[in-house]
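sharing a model prediction with you, sequence too.
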Number of protein chains: 2
Amino acid sequence: MKLATATTPRAMRRMSERLRGRSKTLAFVPTMGGLHEGHLSLVRLATKSADRVCVSLFVNPLQFGPSEDYARYPRDTKRDLSLLAEAGVDVAYVPAAEAMYREGFASRATVTGLDSVFEGASRPGHFAGVCTVVLKLLHAVMPDEIWLGQKDAQQCVVLERLVADLDLPIRVRRGPTVRESDGLALSSRNAYLTAAERAQAPVLYQALVLARDAARAGERDPVRLRERIVRHVVTAPLARLDYVEVVHPRTLARVDRVEGDVLLLVACRFGSARLIDNLAFRAGAGEPA
Amino acid sequence: MKLATATTPRAMRRMSERLRGRSKTLAFVPTMGGLHEGHLSLVRLATKSADRVCVSLFVNPLQFGPSEDYARYPRDTKRDLSLLAEAGVDVAYVPAAEAMYREGFASRATVTGLDSVFEGASRPGHFAGVCTVVLKLLHAVMPDEIWLGQKDAQQCVVLERLVADLDLPIRVRRGPTVRESDGLALSSRNAYLTAAERAQAPVLYQALVLARDAARAGERDPVRLRERIVRHVVTAPLARLDYVEVVHPRTLARVDRVEGDVLLLVACRFGSARLIDNLAFRAGAGEPA
């Protein structure tokens, strides 16, 4: 089937109703375009999981701070649409910013607490922007499930909370982080890296793996685990660390002891690029062999 | 048909799907119970407007301040259900507070600006509580239209904004304020009035009518219109005015000149009861004869 496109909430809703008909399931993958293999892996998971798939392409101004990279964020809608058509997606939702935020727009959705730590602390208003746009997208698309990338771990936790709290009948699902062969997590923002920065950026994932291995070897102190990550990242002279955290993967609360389910979070600048990465694992009791 | 009841979002959603079938329209009237003729007039409007009608009964803790009347707010679910059955309502949504706000609940919907003036200034967090619960109710009921009472004029404006901003495919409709024969607007909170307070409470509506008549007679100064209301309300010794405002009915911005569409807002305490009332009219150019 040919890829259809919708550019307004109303058109998207009609499309969604037509696609679902009497009994088809619909999966949704929200993106800001600039599609890479990380997005496409989510699309493939969505395709396997549901009868119909919708992908949105929308660089959401509401989730960028005034000094952030909204203007230069990679946009190539023509290329994105052709990738989605190839991947067998049924409909692309490509709203214009004017259709999303009309004059007088004043509403926000927030998830108190979860939205003001880590990425939320570094990027004030970011998660309010994310929650608000995702709620709008969900109201237009009305999917059975939404697919999110584990690369944005805090975003996953925030949106899982939002969907559950607001009684949306939608399953939130996560796809694993896709990485370059040297471990760098795929991100549209990798395009900002110079060759020298790109060569050093894999320290983030390397540091996460070193910390995970230390935890598996018995390290139970989150402070020492954090130090382990910092020590490795600073071996890259171009790295400017923003934060490193050892938290519970669902509550995002800092852990007192590295045991059970643990999530390592890291955010770091390389030149003009701000990159994030994370690693979830189980340590200690109940750990798989 | 017999009145059905649902007590969880999931049960409500199933009920909604069954009620709507292939092509029936569904109207929704959210209430906090304690049903009076004001609510029932909305139910009748909903019944005339749509094939099926759902009414919710839920005293929403999130919209009450810590020193407000959540605990003593009138509750009589048995009586309410019997009134709804009589009125031909198809389904009552009666969720338990525990089903609505589970452990870890952290999400809020807000309408910046509109939610922090007038009622929002007097009752911090009130409209965030209203917006959040209405969004949850709408997600569970998924109606074609929602009916709101003009008595809560600012609430109407806030929710119209929320529904439009968030791309919900739902029509927001208003029913007129229902009044006692002496002009007092019906409200569950009238039950808090002593006999002496009850006797004086009609000054609110009288003052609004005096101001409207003055505007129709040519008064164009909102300050003088406001004074007109204050002067009349203070003739009631038990009245303690909270605010009087002359605003635009859609933006809630204070007007510089009383011309065109105008909304008068008043909030006033009588003893332990806090009452609100309002009057919308057209003044000057284009005024109906």
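On my side now, so go ahead.

nearest residue to residue A:55 other than its sequence neighbours?
residue A:29 (4.7 Å; Cβ to Cβ, 6 or more residues apart in numbering or on different chains). Yep, even glycine has a C-beta here, placed from its N, CA and C like the rest.

who's in contact with the one you found?
Residue A:29 makes contacts with A:39, A:42-43, A:46, A:53-56, A:146-147, as judged by Cβ atoms under 8 Å, 6 or more residues apart in numbering or on different chains.

helices of the stretch 151-289 of chain A, start to end?
For the stretch 151-289 of chain A, the helices defined by DSSP state H, counting those that start in this stretch cover A:153-165, A:195-200, A:203-216, A:222-233.

could I get the ones you listed as TSV with distance to chain B, mean pLDDT and mean neighbour count?
As requested, those are arranged in TSV below (distance: least, Cβ to the nearest Cβ, whole Å; pLDDT from 0 to 100; neighbours: other Cβ atoms under 10 Å in any protein chain shown):
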stretch	distance to chain B	mean pLDDT	mean neighbour count
helix A:153-165	4	98	23
helix A:195-200	36	98	15
helix A:203-216	26	98	21
helix A:222-233	22	98	18
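
mind putting the ones you listed into TSV with distance to residue B:6?
As requested, the helices of the stretch 151-289 of chain A are exported to TSV (distance: least, Cβ to Cβ, whole Å):
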stretch	distance to residue B:6
helix A:153-165	18
helix A:195-200	55
helix A:203-216	46
helix A:222-233	45
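
and residue A:241, bridged to which residues?
residue A:268 (DSSP bridges).

so it makes contact with residue A:232?
No: the criterion here is Cβ atoms under 8 Å, and residue A:241 misses it with residue A:232 at 10.6 Å.

stretch A:70-86: which residues count as buried?
A:73-74, A:80-81, A:83-84 (16 or more other Cβ atoms under 10 Å in any protein chain shown).

ok, of the residues you listed, which one's closest to residue B:60?
Sorting these by distance to residue B:60 puts residue A:73 at the head of the list, at 39.1 Å, by Cβ to Cβ.

who's in contact with the residue nearest to that closest one when sequence neighbours are not counted?
Nearest residue to residue A:73, sequence neighbours excluded (Cβ to Cβ, 6+ apart): residue A:59, at 5.2 Å. Residue A:59 makes contact with A:32-33, A:70, A:73, A:75, according to Cβ under 8 Å, 6+ apart.

export those to a markdown table and tack on pLDDT?
Converted to a markdown table, those look like this (pLDDT from 0 to 100):
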| residue | pLDDT |
| --- | --- |
| A:32 | 97 |
| A:33 | 97 |
| A:70 | 94 |
| A:73 | 93 |
| A:75 | 91 |
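
among these, which are in helices?
Under the assignment DSSP state H, those contribute nothing to helices.

closest to residue A:213 out of the residues you listed?
residue A:32 (33.3 Å).

mind telling me what element the residue nearest to that closest one when sequence neighbours are not counted is part of?
Of all residues not flanking residue A:32 in the chain, residue A:59 sits nearest, at 4.8 Å (Cβ to Cβ, 6+ apart). Element membership of residue A:59, judged by DSSP states H and E, is empty: it is in no helix or strand.

do you know how far residue A:59 is from chain B?
18 Å (Cβ to the nearest Cβ, to the nearest Å).

for residue A:26, same thing?
15 Å.

count of residues packed around that residue?
Other residues within reach of residue A:26, judged by other Cβ atoms under 10 Å in any protein chain shown, total 22.

and residue A:144, by the same measure?
Neighbours around residue A:144, by other Cβ under 10 Å: 17.

one step back: which one of the contacts of residue A:59 sits closest to residue A:252?
Looking across the contacts of residue A:59 and measuring by Cβ to Cβ, the closest to residue A:252 is residue A:32, at 22.7 Å.

OK, contacts around the closest one?
Counted by Cβ under 8 Å, 6+ apart, residue A:32 has contacts A:57-60, A:73, A:188.

got the CA coordinates for stretch A:30-40 in CSV?
Presented in CSV, the C-alpha positions along stretch A:30-40 are these (Å, rounded to 0.1, in the frame of the first residue of the first chain):
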residue,chain,number,x,y,z
PRO,A,30,6.4,9.8,17.0
THR,A,31,9.6,11.3,15.6
MET,A,32,11.1,14.7,14.9
GLY,A,33,12.1,13.5,11.4
GLY,A,34,15.8,13.3,10.5
LEU,A,35,15.2,9.6,10.4
HIS,A,36,18.0,7.2,11.2
GLU,A,37,18.3,3.5,11.9
GLY,A,38,17.1,4.1,15.5
HIS,A,39,13.8,5.4,14.3
LEU,A,40,13.5,2.7,11.6
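
and that stretch, what's buried?
So, applying 16+ other Cβ under 10 Å, buried residues of stretch A:30-40: A:30-36, A:38-40.

and what of stretch A:243-253?
A:244-247, A:249, A:252.

contacting residues around residue A:107?
Listed by Cβ under 8 Å, 6+ apart, the contact partners of residue A:107 are A:132, B:109-112, B:131, B:161-162, B:165-166.

once you drop chain neighbours, what's closest to residue A:230?
residue A:244 (5.8 Å).

looking at it, that neighbour is touching residue A:266, isn't it?
Yes: the pair residue A:244 / residue A:266 is scored as a contact, 5.2 Å apart, by Cβ under 8 Å.

which ones are touching the closest residue to residue A:282 other than its chain neighbours?
Nearest non-adjacent residue to residue A:282, counting by Cβ to Cβ, 6+ apart: residue A:261, 5.7 Å away. Listed by Cβ under 8 Å, 6+ apart, the contact partners of residue A:261 are A:248-250, A:280-282.

where do the strands sit along chain A?
A:4-6, A:26-31, A:52-57, A:91-93, A:107-111, A:145-149, A:171-175, A:239-247, A:260-270, A:273-283 (DSSP state E).

any chance of the ones you listed in a markdown table, plus mean pLDDT and distance to residue B:89?
Shown next, in a markdown table, are the strands of chain A (pLDDT from 0 to 100; distance: least, Cβ to Cβ, whole Å):
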| stretch | mean pLDDT | distance to residue B:89 |
| --- | --- | --- |
| strand A:4-6 | 97 | 36 |
| strand A:26-31 | 98 | 31 |
| strand A:52-57 | 98 | 35 |
| strand A:91-93 | 98 | 36 |
| strand A:107-111 | 98 | 29 |
| strand A:145-149 | 98 | 33 |
| strand A:171-175 | 98 | 31 |
| strand A:239-247 | 98 | 47 |
| strand A:260-270 | 98 | 46 |
| strand A:273-283 | 97 | 48 |
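
in CSV: those, plus distance to residue B:219.
Formatted as CSV, these follow (distance: least, Cβ to Cβ, whole Å):
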stretch, distance to residue B:219
strand A:4-6, 50
strand A:26-31, 53
strand A:52-57, 52
strand A:91-93, 51
strand A:107-111, 35
strand A:145-149, 55
strand A:171-175, 56
strand A:239-247, 59
strand A:260-270, 60
strand A:273-283, 58
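
domains for chain A, by residue range?
Domain assignment of chain A by automatic domain parsing yields the ranges A:4-175, A:188-282.

so which of those domains is nearest residue B:98?
Among the domains of chain A, if distance is taken as Cβ to Cβ, the winner is domain A:4-175, at 13.6 Å.
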